[in-house]
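*Asks:* Below is the sequence, then the predicted model.
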Amino acid sequence: MSRDHVLHKVRTALGRSVGQPVEEPPPVRLSMDEVAIEARIECFRARIEALGGKTHRAESMDDACNYVARVLNGRSAVASNSALLRQCGITALAGVESGITDRARLRALCSTTACGITGANYALADTGTLVMLASVQEARMISLLPPVHIALVDRERLLTGLDELLTILPRPADETSSMVLITGPSRTADIEQILVRGVHGPGEIHVVVV
Amino acid sequence: MSAVFDDKIQTTLADGKLQLAIYTATGRLIEKRRKAIMPEGCPDYQELRTHANAVKRHTIDHLDYYLEEFARNVEAHGGKVVFCKDGQDVADFVLRLAKERGATLIVKSKSMTTEEVDLNERLEHHHLESVETDLGEYIIQLAHERPYHIVAPALHKTREQVADLLTDKLGVARETVIEKQTMIARAVLREKFLSADIGVSGANFLVADSGAVVLVENEGNARLTTSAPKIHIAVAGIEKMIPRAQDLGVFLKLLGRSATGQPLTVYTSFLSGPRRGDEIDGPDEFYVVLLDNGRTKVLADREKRESLYCIRCGACLNHCPVYRKIGGHSFPWIYSGPIGAILTPQFLGVNHEPALPFASSLCGACAEVCPVKIDIPKILLELRSEVKEAEQRQGANRLERIAFRIWAWVMRHPRVYELAGMAAASLAPATDGGAWVRSLRTAIQPTPLRAWLSQRDLPPSPPKSFRQMWRER
């Protein structure tokens, strides 16, 4: 069997025996700087905008809903099953489909709809990153197939950066089959290093901090 | 190098447009990296490198343990791990699975490991359609070429060449605007994503404590590859392991900055197993192919084992004065630049291209920028001595040994040395324009040196030797 064969070769190469224990790996290196919430929000917005994304700071849930309605401007949208979207009234907006749990239906919708609206489990201030864990609330395709992605982030979920995320969530695989960090719109520079947005994923991204 | 690569080097050097393309592309990447590691944005860059090196050393030195832990955790999340000794094993596995599931279309995201084992060719040979979906890789696949650079595979292609390719292969109207070319590819590939049966990805990291595959990218094609089809297969070299998800704090910061100057790439996917219970989408089947293909051979060599720490950021290519002149296709294997120069002889044997470890000025730029601190110049030196030992065993370097013996004898006899110097000077033209040995009659040009002389020559000899000047002082 290839498994035993390869493992045997690895052990022979290293001079180790079956089941031989290992010494402790070097300690985990995660640093945590305390950054005030206002500074985090400003940094987060500045990062996303530097990457060509748009941001909005919503003073209330109604404000968030109005902003999303303005972005949609009559375009069709699929919304995820995130509670935040429902609370803000976004799922009730005209032209917004939501409450979908069937994979085939979701995929068909996402491949024809203009905008995908999601929540975000966390956001990282220092890189302008959205953290999305796949679940019954959040499907993978809504932030991926439509050309426009609108995400709502609860300001309580805005972390300093990657190190804080990995401290809170030391083993993401315990929670989900897929954790995706999204930092700005989809981009490529594969032809003559010229930047083009929206090559496969959404080229337009709007982040609302609620 | 061998004749075919000599040719490639000559044509690359003579192609002004290509020289400019390589120079500007690598120059931009150098600049982006430089900005991204400045203390304002990354105060602990050097500490991160040191730490990454320590984590990699630990993991590689105990790789059997982490491979088993990884496999256990993948299986605990409902995935399967397939160990493969070589490319044939990988192809056999994918083909068997495709046959069992009735699959005909495979979408692929960028993976140097699958390039290494020619997976596309092997699958196409069995009438499976396997489509690259990273824009650069897609262009390269249409052109039937191999990647020019580890992270920028189509670095050498101009928009005109891409326009011709798209017209030629897809039958679309000629389009030279890069945005529009990208949208043409997007439309074609979107169809492929939505109808593909299997998605094949590589892996930037394998996380032992999570049984997870980590993928970094900017386009979204890796997300589509791993989430749209019902089956996801990740193909990874066994050395891609890190012990804990928390180690990503170090490695993600280094990888993005070193490769493209990004603190984080646009998408980082952390994937573990098929979709779970109530998750709405994602693959139903999840496989991780763990490939040896020569890695255990490298592992056995304590001195050069660190070659396996590489996280494929491409920084050593960008900073290499040799790569920046001769480009990616002048190297004998898919791994080019300094990392290619140390991986190729170790994976394929030093006899595959004995000149490769010598095609370096040992300037050390590669080691200086390596995010995991691989001492590439040291390994190049080790490989040089291995090449020489192999030649000696085969008696291939007799002429060279005789020449050095004569040289040593001359050096030990000052009178003879002086006479030899005078003889050489008497042959040299007074002014020569930098080509004096070449200016000698062909009959006098020593044959074994002809290859060397095609690129360099001795400086013109001065009117008086040092000894003469010393005596007349």
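*Replies:* Nice, thanks for sending it over.

*Asks:* distance of the residue of chain A found nearest chain B from B:I37?
*Replies:* In chain A, the residue found nearest to chain B is A:G201; the distance is 2.7 Å by C-beta to the nearest C-beta. Using the backbone N, CA and C atoms, a C-beta is placed for each residue, glycine as well. Using C-beta to C-beta, to the nearest Å, A:G201 is found at 27 Å from B:I37.

*Asks:* So for these two, which sits in the more crowded spot?
*Replies:* Neighbour count, other C-beta atoms under 10 Å in any protein chain shown: between A:G201 and B:I37, A:G201 has more, with 27 against 21.

*Asks:* how many neighbours does the closest residue to that one other than its chain neighbours have?
*Replies:* The spatial neighbour of A:G201 that comes closest, neighbours along the chain excluded (C-beta to C-beta, 6 or more residues apart in numbering or on different chains), is B:G220 at 2.7 Å. Look at B:G220: counted by other C-beta under 10 Å, it has 29 neighbours.

*Asks:* per-residue pLDDT, B:G220?
*Replies:* Note for B:G220: predicted pLDDT of 98.

*Asks:* OK, contacts around A:T167?
*Replies:* By C-beta atoms under 8 Å, 6 or more residues apart in numbering or on different chains, the contact set of A:T167 is A:L30, A:M32, B:Q246.

*Asks:* in chain A, which spans are strands?
*Replies:* Along chain A, the stretches classed as strands by DSSP state E are A:54-57, A:77-79, A:96-97, A:115-118, A:122-124, A:129-133, A:148-153, A:158-159, A:178-182, A:187-188, A:196-197, A:204-209.

*Asks:* Mind putting those into CSV with mean neighbour count?
*Replies:* Shown next, in CSV, are the strands of chain A (neighbours: other C-beta atoms under 10 Å in any protein chain shown):
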stretch, mean neighbour count
strand A:54-57, 18
strand A:77-79, 24
strand A:96-97, 18
strand A:115-118, 26
strand A:122-124, 25
strand A:129-133, 25
strand A:148-153, 25
strand A:158-159, 22
strand A:178-182, 27
strand A:187-188, 24
strand A:196-197, 22
strand A:204-209, 23
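
*Asks:* picking up where we left off before, hmm, the residue of chain A closest to chain B is touching A:I142, no?
*Replies:* No - the pair A:G201 and A:I142 does not pass the contact test of C-beta atoms under 8 Å, sitting 11.4 Å apart.

*Asks:* still on that earlier bit, please look at the residue nearest to A:G201 and A:L144 and confirm they touch.
*Replies:* Yes - B:G220 is in contact with A:L144 according to C-beta under 8 Å; the separation is 6.2 Å.

*Asks:* Overlap of the contact sets of those two?
*Replies:* Common contact partners of B:G220 and A:L144 (C-beta under 8 Å, 6+ apart): A:G201, A:P202.

*Asks:* can you count the residues close to residue 141?
*Replies:* Using chain A. A:M141: 25 neighbours (other C-beta under 10 Å).

*Asks:* nope, chain B
*Replies:* Using other C-beta under 10 Å, B:Q141 has 20 other residues around it.

*Asks:* How much space separates the nearest residue to B:L165 once chain neighbours are set aside from chain A?
*Replies:* Using C-beta to C-beta, 6+ apart and skipping the chain neighbours, the partner closest in space to B:L165 is B:L142 (5.0 Å). Applying C-beta to the nearest C-beta, to the nearest Å, the value for B:L142 to chain A is 12 Å.

*Asks:* Who are the contact partners of B:L142?
*Replies:* B:L165, B:L166, B:K169, B:L170.

*Asks:* backbone phi and psi for it, please?
*Replies:* B:L142 adopts backbone torsions of phi -60, psi -40, taken as degrees, to the nearest 10.

*Asks:* just checking, A:V208 touches A:E59?
*Replies:* No - using C-beta under 8 Å, A:V208 makes no contact with A:E59, being 11.0 Å away.

*Asks:* I'd like to check which residues are in contact with A:N121.
*Replies:* By C-beta under 8 Å, 6+ apart, the residues touching A:N121 are A:V131, A:M132, A:L133, A:E138, A:R157.

*Asks:* so what pLDDT did it get?
*Replies:* If you check A:N121, the pLDDT there is 98.

*Asks:* how about the helices in chain A?
*Replies:* Taking DSSP state H as the test, the helices found in chain A are A:2-14, A:37-50, A:61-72, A:83-88, A:103-110, A:162-168.

*Asks:* same for the longest one, what does it pack against?
*Replies:* Okay, so that is helix A:37-50. Packing partners of helix A:37-50 (3 or more C-beta pairs under 8 Å, 6 or more residues apart in numbering or on different chains; DSSP states H and E): strand A:54-57, strand A:158-159, strand A:204-209.

*Asks:* returning to that earlier point: kindly reformat the helices of chain A as a markdown table and extend each row with mean pLDDT.
*Replies:* Shown next, in a markdown table, are the helices of chain A (pLDDT from 0 to 100):
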| stretch | mean pLDDT |
| --- | --- |
| helix A:2-14 | 96 |
| helix A:37-50 | 97 |
| helix A:61-72 | 97 |
| helix A:83-88 | 97 |
| helix A:103-110 | 96 |
| helix A:162-168 | 97 |
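
*Asks:* Compare those helices and report which one is nearest to B:G79.
*Replies:* For B:G79, the closest of the helices of chain A is helix A:2-14, at 14.4 Å, according to C-beta to C-beta.

*Asks:* Just the residues contacting that closest one, thanks.
*Replies:* Helix A:2-14 is contacted from outside by A:17-18, B:61-64, B:67-68, B:71, B:81-85, B:89, B:238, B:290, B:292, B:296-297, B:299-300, using C-beta under 8 Å, 6+ apart.
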